[in-house]
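Novice: Provide a 3D model corresponding to the input given below.
(chains A, B, C, D, E and F)
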There are 4 protein chains.
Amino acid sequence: MGKSNTVEDLFAQALDSSELSTKQKAVLQASLTLFSRQGFDRTTTQEIAELAQVSQGTVYKRFATKHDILEALIEPFIDEIIPRLAVDFSETVSARHLPDFGDYLSFVVRDRLELVVTNRKLVRILFAGIFNNQHEATALLDKVSQAVEGVEARFTVIFSHYQREGQLVKWPVRQIVRYTAAAIISHALPVVLMGDDDEAAAQPLNLDLATEQIVDFLRHGLSPATA
Amino acid sequence: MGKSNTVEDLFAQALDSSELSTKQKAVLQASLTLFSRQGFDRTTTQEIAELAQVSQGTVYKRFATKHDILEALIEPFIDEIIPRLAVDFSETVSARHLPDFGDYLSFVVRDRLELVVTNRKLVRILFAGIFNNQHEATALLDKVSQAVEGVEARFTVIFSHYQREGQLVKWPVRQIVRYTAAAIISHALPVVLMGDDDEAAAQPLNLDLATEQIVDFLRHGLSPATA
Amino acid sequence: MGKSNTVEDLFAQALDSSELSTKQKAVLQASLTLFSRQGFDRTTTQEIAELAQVSQGTVYKRFATKHDILEALIEPFIDEIIPRLAVDFSETVSARHLPDFGDYLSFVVRDRLELVVTNRKLVRILFAGIFNNQHEATALLDKVSQAVEGVEARFTVIFSHYQREGQLVKWPVRQIVRYTAAAIISHALPVVLMGDDDEAAAQPLNLDLATEQIVDFLRHGLSPATA
Amino acid sequence: MGKSNTVEDLFAQALDSSELSTKQKAVLQASLTLFSRQGFDRTTTQEIAELAQVSQGTVYKRFATKHDILEALIEPFIDEIIPRLAVDFSETVSARHLPDFGDYLSFVVRDRLELVVTNRKLVRILFAGIFNNQHEATALLDKVSQAVEGVEARFTVIFSHYQREGQLVKWPVRQIVRYTAAAIISHALPVVLMGDDDEAAAQPLNLDLATEQIVDFLRHGLSPATA
DNA sequence: AATGAATGAGGGTTCATTCAT
DNA sequence: AATGAATGAACCCTCATTCAT
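Specialist: Below you'll find the model as predicted:
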């Protein structure tokens, strides 16, 4: 059981646990699919009911409004998974004490890629919300900011190790994180944007290859040699 | 002045030229603001009419449907500006024959950053559309793909120059473009996501600083030295 | 003791007797309170179930529809209590043979006031139904008419006694009854309309004083002297 | 032009004036009829639209909610007509200086009867609301109380005149008003409760006869002679 | 060209009622 | 007898779109 399981488990937990009946879970699953496919506003509760093979009334038995369904999907992701993963993650890394920055990068990049790809429907919904609503955008950016701050110290420790050993440029943590994230997203974005209708084609990303390329890039940059 | 004007001019042209009356332009401007602020689906034609200080009937005098307004905003950006800029840009670059890859990067990065920041409302609308609708997403990805292909040859020429001189790693054009774009977006995203309600605070990005950081990153990468 | 018990007993009987389980009685009691407080249409079966501390299914175990609950509350009042009271009452009066019209009035007025106040929740429901629905109104007016007709002969006998002795004006029975009822209602209405949420404050009517005032009015009228 | 015109004019004014279009007035008229016939809660906006020969959307063009329609009907009656009539009325009476209490009573009773009968639909709606909702009941009782207080002084003046001349019992104003109102209502109630579907049969009350009976009652009371 | 009243299809939501456990 | 999850018809309301002026 590697990192990948953890991610999936956390999400599965969020859906499975709770006192949700089978039908309520079907409602959430259908909503996830439809919100992701055609957007929150263009998804009718009728459609949700049909896909979940449930009556419209059942949709409203547990969730008072359509927006509550959205929150039921997003909140566990925002409020639990993101911060928890951040902590788990940095703990795991320190524990392993990866001596080589390349190994560290491989680990981080692969883990993040997997997280995004696994939850790509949710990521799509999240981003749609952010781009659609400046309030949501600000609110989310704040949450992310706080989550990052909460674990920034850990990263500082980790990074300073590699920096002392001359394996990592001495930039502020945030800047290093930013470019790492950007490189990851540049690979993840097409996967996130592409349709999921054929669930079989849901793994169009070669995780190993992508990781290798990103790490290559992050280690050596575009320039083949330092001036 | 210089490049910046070009971008603005092109967009202004797209709005001014046409046979649009003052009121119709007000409609487009109001739609741009509202779609960007609260999303296409959550913007009513009533709201557009009010912000444009126009009757609801007037909105429909020129545009048959609400979606037509969206297209009137996006299409010039997609169909004309992007490809034209790509061409203009590569022509300008070849013409100038920047001998140093760093200079080239500075030029490219600053130009792109400015493009995104200037048109951030439109960018927001575009991304919201993409994340909200898998069809739109696929369609747009295709268009971008084609646009890139159209100018790929030019980039190949430019890049091979720097590559021959040992200033640029010998990766495929697409990969170089991808990471360049990713680094740019990592700086542009917060600006795009932040609200525009206070137009005065609309330039929270230090263009020079951001350009410098990105170029720094793209030239030397995270690693301070090559193994 | 005395008349008051009769009224309450009759109503209590109507609820207790039947083959109603404890829970079913709780349903009726909760319905009475809620229908009276917020109206039949604005009371949900959910609310009834909650106030009765019973599941929604239980509500429907005994009563096929929500309207059946209403009928279960109203019908005993309409079909049994009103006519029976009318009979009991006129019998009691004849039996006692009150020689003075003032004494007769005191007896009648107090009895009626008590009846209305004791059953004010039901009265509220009844009136709401009447004002809300012209069919119900007509139907009820008919029933009341019939009930009155049924005992009109008795009243005629009683009244003619007082009329012969010069204690009562020689108006038709209906007219005498009408004004008596009107005077009673003018005192009972505020009590009926006021809220019952604080059951302790449920007796804001001084029965003795009200009776005295009404009798005073009915005996002497507004004019202090006859022309 | 007698009193009757004044009452009708006031109500007509309330509907006609305002900046209501023909269709909006039709909506109000249809709502008045339907609310009165079958109650507010059992009237659908669909039915209102149909009776008003208007689309459902039109109903909501001027009134944001169904409840707003109710208020648009009731508020002018409560907030303007009632207090205004009270003032107009007492002024008229003082001006005329009716020397005989019987004449005064005739005037008052006829005027009130006419008011209630003319606006019987509204009265029905008002009472339904009161009996259906304890909050509304309390609120309305307060308003009525205030309105009465506002003109109580005038009545005191008028009444004391008759009282000094031995034409009126020396009871508090409120009590005299109460029994007068009760007697009026006892005649008006059947008319209010009866259906209006056949508008031709809308005058089932002989105004002259009813007035005469009530005045008779109020002057001499049930007792043919004072002890 | 512009207006704004009018339309009506369709959406989110409620709630009386049913039924498997 | 009792439960409470499930149902689905119907309701209030919204909003893109039309059209007479």
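
Novice: Every contact and neighbour count from this point should use C-alpha atoms.
Specialist: Fine.

Novice: burial of A:E152, as a residue count?
Specialist: Neighbourhood size, A:E152 [other Cα atoms under 10 Å in any protein chain shown]: 17.

Novice: Please apply the same query to A:A64.
Specialist: 10.

Novice: Tell me which residue of chain A lies closest to chain D.
Specialist: A:T65 (19.9 Å; Cα to the nearest Cα).

Novice: distance of the residue nearest to A:G129 when sequence neighbours are not counted from B:V191?
Specialist: Counting by Cα to Cα, 6 or more residues apart in numbering or on different chains, A:G129 lies nearest to A:E136, which is 6.7 Å off, once chain neighbours are set aside. Separation of A:E136 from B:V191 (Cα to Cα, to the nearest Å) stands at 15 Å.

Novice: before we move on, what about A:L193?
Specialist: 22 Å.

Novice: picking that back up, which helix or which strand is home to the residue nearest to A:G129?
Specialist: With secondary structure defined by DSSP states H and E, A:E136 is part of helix A:134-164.

Novice: Mind giving me the packing neighbours of the helix or strand following that helix?
Specialist: As assigned by DSSP H and E, the chain's next helix or strand after helix A:134-164 is helix A:173-193. Using 3 or more Cα pairs under 8 Å, 6 or more residues apart in numbering or on different chains; DSSP states H and E as the contact test, the elements touching helix A:173-193 are helix A:101-118, helix A:120-132, helix A:134-164, helix A:207-220, helix B:134-164, helix B:173-193.

Novice: what stretches of chain A score poorly on pLDDT?
Specialist: Applying pLDDT under 70 to chain A flags the ranges A:1-19, A:80-81, A:83-85, A:87-91, A:93-96, A:195-204, A:221-227.

Novice: contacting residues around the spatially most central residue of it?
Specialist: With distances taken as Cα atoms, centre = their mean, A:V116 lies nearest the centre of chain A, 4.0 Å away. Applying Cα atoms under 8 Å, 6 or more residues apart in numbering or on different chains, we find A:V116 in contact with A:123, A:188, A:192.

Novice: repeat that for 10 Å
Specialist: Going by Cα atoms under 10 Å, 6 or more residues apart in numbering or on different chains, A:V116 touches A:7, A:122-124, A:184-185, A:188-189, A:191-192.

Novice: ok, back up a step: tell me which of A:L193 and B:V191 has more neighbours.
Specialist: Neighbour totals were compared for A:L193 and B:V191, and A:L193 leads with 24 against 18 (other Cα under 10 Å).

Novice: Could you look up the SS state of A:D41?
Specialist: With DSSP: H, G, I helix; E, B strand; the rest coil as the basis, the three-state label of A:D41 is coil.

Novice: isn't A:D208 right next to A:H187, touching?
Specialist: No: using Cα atoms under 10 Å, A:D208 makes no contact with A:H187, being 12.0 Å away.

Novice: Which one of those two is surrounded by more residues?
Specialist: A:H187 (21 against 10).

Novice: what's the closest non-adjacent residue to that one?
Specialist: A:A210 (7.0 Å).

Novice: The one you found reaches A:I184, doesn't it?
Specialist: Yes: the pair formed by A:A210 and A:I184 meets the contact definition of Cα under 10 Å, at 8.6 Å.

Novice: what's the overlap in contacts for these two?
Specialist: Looking at what touches both A:A210 and A:I184 (by Cα under 10 Å, 6+ apart), the common residues are A:109-110, A:113.

Novice: helices or strands next to whichever helix or strand A:A26 is part of in the packing?
Specialist: Per DSSP H and E: A:A26 is located in helix A:22-38. Applying 3 or more Cα pairs under 10 Å, 6 or more residues apart in numbering or on different chains; DSSP states H and E, one finds that helix A:22-38 contacts helix A:3-16, helix A:45-51, helix A:56-62, helix A:66-75, helix A:120-132, helix A:173-193, helix B:120-132, helix B:134-164.

Novice: please redo it, this time with the cut-off set to 8 Å
Specialist: Going by 3+ Cα pairs under 8 Å, 6+ apart, helix A:22-38 lies up against helix A:45-51, helix A:56-62, helix A:66-75, helix A:120-132, helix B:120-132.

Novice: The closest residue to DNA strand F within chain A - how many residues pack around it?
Specialist: At 2.9 Å from DNA strand F, A:G57 is the closest residue in chain A, using Cα to the nearest atom of the strand. Counted by other Cα under 10 Å, the residues lying close to A:G57 total 11.
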